[in-house]
Structure formats: C-alpha cells, structure tokens
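**Q** here's my sequence, what's the structure:
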Amino acid sequence: MVPFAAAVLLLASWGVLREAPELSLAELVREALDRNPEVQMARRMVEAKRARIPQAGALPDPMLMYGVVNEGRPAPFQTLGEAGFSEVYVGVSQDIPYPGKRGLREKVAREEASAAEWAHEATRRRVVSEVVQAYYDLYAVHEALSIVERNLQLLDQLAKVAGARYAVGRAAQQDVLDAEVELSRLEERRTLLLQRQGVVEALLARLLYRTDPVPLGRPRSVVKTPLEASLEQVLTQAQEESPFLRERERFLAQAERRVDLARRERLPDLGVNFAYHNRGELDPWWTFGGTLTLPIYAGRKQKKAIEEAAADLGGSRNALEATRAQVRYEVTDAYLTASTADRLLRLYDEGILKQARLSLDSAMAQYEVGKVDFLTLVTSWRRLLDYDLTYHEQLAEHEKALARLAIHVPAAAGRAF
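**A** Modelled structure (predicted):
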C-alpha cells in the first residue's frame, strides 16, 4: 500500500508529463493571420476599395461619333461630293463634371477605402483575440485534466486505505462506498473535460482554417501578464486606438463628403464636342459645340439627394456614438474581469491553496490514526481539488480578458497583438 505521504506528494506536484509537443501561441497567431478566410476577405476588400479611388475621380469616357448624311437619295455615299448636304462625319464628345465634383467623389472613395483598412485591422485583431482566448481555454482544459488525473490516483489510494481500514474493523463500509462515488464523479468530470477539449480544438481549427485533423499539442505554461494601467487610462487609449471607432469615424467623414457632393450636384455639368465633316470633292466642314445640363428637376432629384445624404450623415453620427458606448462597455468588462482574476490569483497563491493543502495533510494524518472520519477527509480533498481547478480557470480568464481588451488597446496583451 502506498503511504499517505506519497499520495500527498503526488497531489501537490505541479510537474506534468507532456506526451504531445508544446503548442506555441505566437505560431498559432501567425498561422491564423496567414490562413483565416475572414482576414483574407477583409484584406481583399481593402484592395478593392483602394482601386475604386482613381475611378471615382476620373472623367467620364469620351464618346466617338460617326455618321453619314445623304441629300436626295436614300442610299449612303450616292451624292457625296455632289450635293452640299451629303457628307461623312466623325467626331468626339466629352462630358466634364462641374469643377469640384470629381475631387469630392474621389474623397468619398478615399474615406471608404480608409474605413475598409480599419475594418481589416478590426477583423485582424478580433481573429487574433479569438485565437488567444481559445489557446488559454485549451490551457485550462489541459491543466484541469492533469489535476483530475493526479486526483484519480490519489483517490484510488484513499479508497485502498479505506478498504484496508474497513477490513480490520477500523472504518465503516460507508467510507469505501464514498470513495467509490468520488472516483465516479472524477471520471465524470474527466469525460466532460475531454469533450470541452475537443470543442476548443475544433474552434482553433476553424480559426486556423485547418481542414485536416492535426494534433494541436499542449499549450505552454502560462505566465500571468501584468495589467498596470488604470481603467481610466485604458478607456482613454481605447478611444484613440480602437479600430471600430476609427472605422466609424471614416464612415462619418465619408458621409460629410457625400453631403458636400450632393450639394454640388445641383450645379450643371458641361460637355464639349468636335466633329469633322467630309463632303467629298467639296470643302469639308468643322463643327465645335458644347452642352450644359439643366437641373430643372432639382426638387425631385438633387434636393432629395441632399436630404438623403444629410440623413445618412445623422445616422453615421449616431452609429459612431453607439460604437463609442459599446467600446467603453467592452473595455470596462474586460478590464474588470482581468483585475478581478488578478486579485483572485493573488489570493490563491498567497493563502487559499497553501491552507487547503495543509488542511488535507492534517485530515489525512488524523484519518490514518482514526481521529477524523472519512467525510472530513473527502471534504478537505474536494476543497483542494476545486481550488486547484479554479486557479487555472482564473489564470485563463485573466489572459482571455486581456485578449478581449487588446482588440481596442493592443498593448494590453503584450506580444500577441
């Protein structure tokens, strides 16, 4: 029979054999940025919007004109050079928007491209954050499985001790039954943890766009990332650095340019044309001319376009304020989660885990000599088990909260962003 001291050392040991290779967070992030379809789609959208800028400021395509005028006979070219109005002509016309319209259209397209750039950055940060959070979830699952495995071995030793004491009449049969129940409960927890591990690995496979099942390995040991800034400082940084706010600001600037453009659309556009008329043996003709659009339907068109653009501008302002409020909420939520987890981790490190281990040591020693019952021993053991599991859950929650915070304030999560 393994003595209690050996069982306690087994439970208290933090070293875990790693059969699978260690999983690197930095490598996962690089792979996600290279392969994730959402990131690639956002990047392509930026390229598309940038290509639209020169198009928006370009002149309309010129038009080439060609025709035949025949005097006296219906068949073309029959009286060319004989009748004064028989001719073959070729010409070109060019529409010219009123000065300033092309520049405003280009500015509208430029603001749209800038918004797409910030949307790409927001997508990039969000995907990185999701990868980081899944990584720490996987870390917590692996640590929990290790703890459960160690406790299964410890509990098996306790069950053997209870059985030996029952055999010599020093313990009740209930002790043996209670030990078996606790073993079954641990197996249940282990099964649920394996399910959770599969779900987290599937999430990482989606984020990395892995179509083939590839073992992910075990995450490396986690060192708590310090959070030194105050909530007010983080909120101020988020207002300056959040890509969601920058995107909305660009949409607001685009809406302002659209209002300016709608107002300028009330002004008439110009057009110029030139044609050469070949009259055969007679002298050629040269014609020059121009056009001017007449906005006589401005009440139904240009005026309503201004109203539409003004309404869009108001909506863009509202959207910016809504996004600003959402960013404040997300930053506050992530910061408070991280700071609370930080306090709990210090509490576990400085007191709770040490006290729980001492309590279990004492309960084991007293149970061996018959001074406490098995229920007291199981209570001490279960309490340490729960605290061990909660410690790693809180460590993962701390890092996950910083990953969510880093979407708006990249410096909060260290090197991952």
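
**Q** centre of this structure to the edge, which residue is at the far end?
**A** Ranked by distance from the centre of the chain (C-alpha atoms, centre = their mean), the top residue is E82, with 76.6 Å.

**Q** doesn't it fall inside a strand?
**A** No. E82: not assigned to a strand; according to DSSP: H, G, I helix; E, B strand; the rest coil it is coil.

**Q** what segments of the stretch 1-150 of the chain are strands?
**A** 22-23, 63-69, 87-96 (DSSP state E, counting those that start in this stretch).

**Q** what's the closest non-adjacent residue to the residue farthest from the centre of the chain?
**A** Distances taken as C-beta to C-beta, 6 or more residues apart in numbering place G280 nearest to E82, at 7.3 Å, with adjacent residues excluded. (Glycine included, C-beta is placed from N, CA and C.)

**Q** how much space between that neighbour and F77?
**A** Separation of G280 from F77 (C-beta to C-beta, to the nearest Å): 9 Å.

**Q** quickly note the distance from the residue farthest from the centre of the chain to E71.
**A** 8 Å.

**Q** mind checking pLDDT for the residue farthest from the centre of the chain?
**A** What the model reports as pLDDT for E82 is 78.

**Q** quick check: it touching N70?
**A** No. Using C-beta atoms under 8 Å as the test, E82 is too far from N70 to be in contact (10.5 Å).

**Q** check contacts around the residue most central in space within the chain.
**A** Of all residues in the chain, the one closest to the mean position by C-alpha atoms, centre = their mean is R126, 1.7 Å from it. Contact analysis of R126 by C-beta atoms under 8 Å, 6 or more residues apart in numbering lists I407.

**Q** need the pLDDT of it.
**A** Per the predicted model, pLDDT is 96 at R126.

**Q** ok, now H120?
**A** H120 carries a pLDDT value of 97.

**Q** what of V2?
**A** pLDDT, read off for V2, is 40.

**Q** before we move on, what about A140?
**A** For A140, the model assigns a pLDDT of 94.

**Q** please name the nearest non-neighbouring residue to it.
**A** Of all residues not flanking A140 in the chain, A396 sits nearest, at 3.8 Å (C-beta to C-beta, 6+ apart).

**Q** does the one you found belong to a helix, a strand or coil?
**A** helix.

**Q** with T211 instead?
**A** Classification of T211 by three-state DSSP places it in coil.

**Q** dihedrals phi and psi, it?
**A** Main-chain dihedrals, T211, degrees, to the nearest 10: phi -90, psi -20.

**Q** in the sheet, who's paired with the nearest residue to Y66 once chain neighbours are set aside?
**A** Once flanking residues are discounted, Y66 sits nearest to V90: 5.1 Å by C-beta to C-beta, 6+ apart. Using DSSP bridges, the bridge partners assigned to V90 are Y66, Y276.

**Q** can you give me the buried ones in stretch 332-344?
**A** Within stretch 332-344, the residues scored as buried using 16 or more other C-beta atoms under 10 Å are 334-335, 337-338, 341-342, 344.

**Q** what's near enough to touch the closest residue in space to R102 that isn't next to it in sequence?
**A** Nearest in space to R102, with sequence neighbours left out and distances taken as C-beta to C-beta, 6+ apart, is G57 at 4.8 Å. For G57, the contacting residues are 102-103, 105-106, 109, by C-beta under 8 Å, 6+ apart.

**Q** helices - which of those land there?
**A** Among the contacts of G57, the members falling in helices are 102-103, 105-106, 109 (criterion: DSSP state H).

**Q** where does the stretch 101-250 of the chain dip in pLDDT?
**A** Residues of the stretch 101-250 of the chain that meet the criterion pLDDT under 70 lie in 165-172, 175, 214.

**Q** ok, 90 please
**A** Within the stretch 101-250 of the chain, the segments meeting pLDDT under 90 span 148-187, 189, 210-218, 220-229.

**Q** show me where it has helices.
**A** For the stretch 101-250 of the chain, the helices defined by DSSP state H, counting those that start in this stretch cover 101-167, 173-208, 231-241, 243-264.

**Q** closest to A363 out of those helices?
**A** Taking C-beta to C-beta, helix 101-167 is the member of the helices of the stretch 101-250 of the chain nearest to A363, at 10.5 Å.

**Q** angle of the closest one against helix 173-208?
**A** 160 degrees (axes from the mean of the first three to the mean of the last three C-alpha atoms, to 10 degrees).

**Q** how far off centre is helix 101-167?
**A** Taking the mean of its C-alpha atoms, helix 101-167 sits 12 Å from the chain's own mean (C-alpha atoms, centre = their mean, to the nearest Å).

**Q** contact partners for L261?
**A** With C-beta under 8 Å, 6+ apart, L261 has these contacts: 101, 104-105, 108, 309.

**Q** nearest to Y367 among those?
**A** V108 (78.2 Å).

**Q** is it true that that closest one touches R258?
**A** Yes. Taking contacts as C-beta under 8 Å, V108 lies within contact range of R258: 5.8 Å.

**Q** wait, a strand at L353?
**A** No. Going by three-state DSSP, the assignment for L353 is helix, not a strand.

**Q** find the residue closest to it in space, skipping its chain neighbours.
**A** That would be Y387: by C-beta to C-beta, 6+ apart, it lies 5.7 Å from L353.

**Q** what's the local residue count around that neighbour?
**A** 15 (other C-beta atoms under 10 Å).

**Q** swap in the one 5 residues further on?
**A** Neighbours of H392 under the rule other C-beta under 10 Å: 21.

**Q** residues contacting it?
**A** By C-beta under 8 Å, 6+ apart, the contact set of H392 is 139-140, 143-144, 147.

**Q** now the nearest residue to P213 once chain neighbours are set aside: how far from E399?
**A** Spatial nearest neighbour of P213, excluding adjacent residues (C-beta to C-beta, 6+ apart): A205 at 7.6 Å. Going from A205 to E399 by C-beta to C-beta gives 21 Å.

**Q** compare those two and say which is more crowded by neighbours.
**A** The neighbour comparison of A205 against E399 (other C-beta under 10 Å) goes to E399, with 26 against 16.

**Q** is it true that the more buried one touches D137?
**A** No. Under the criterion of C-beta under 8 Å, E399 makes no contact with D137, lying 9.9 Å away.
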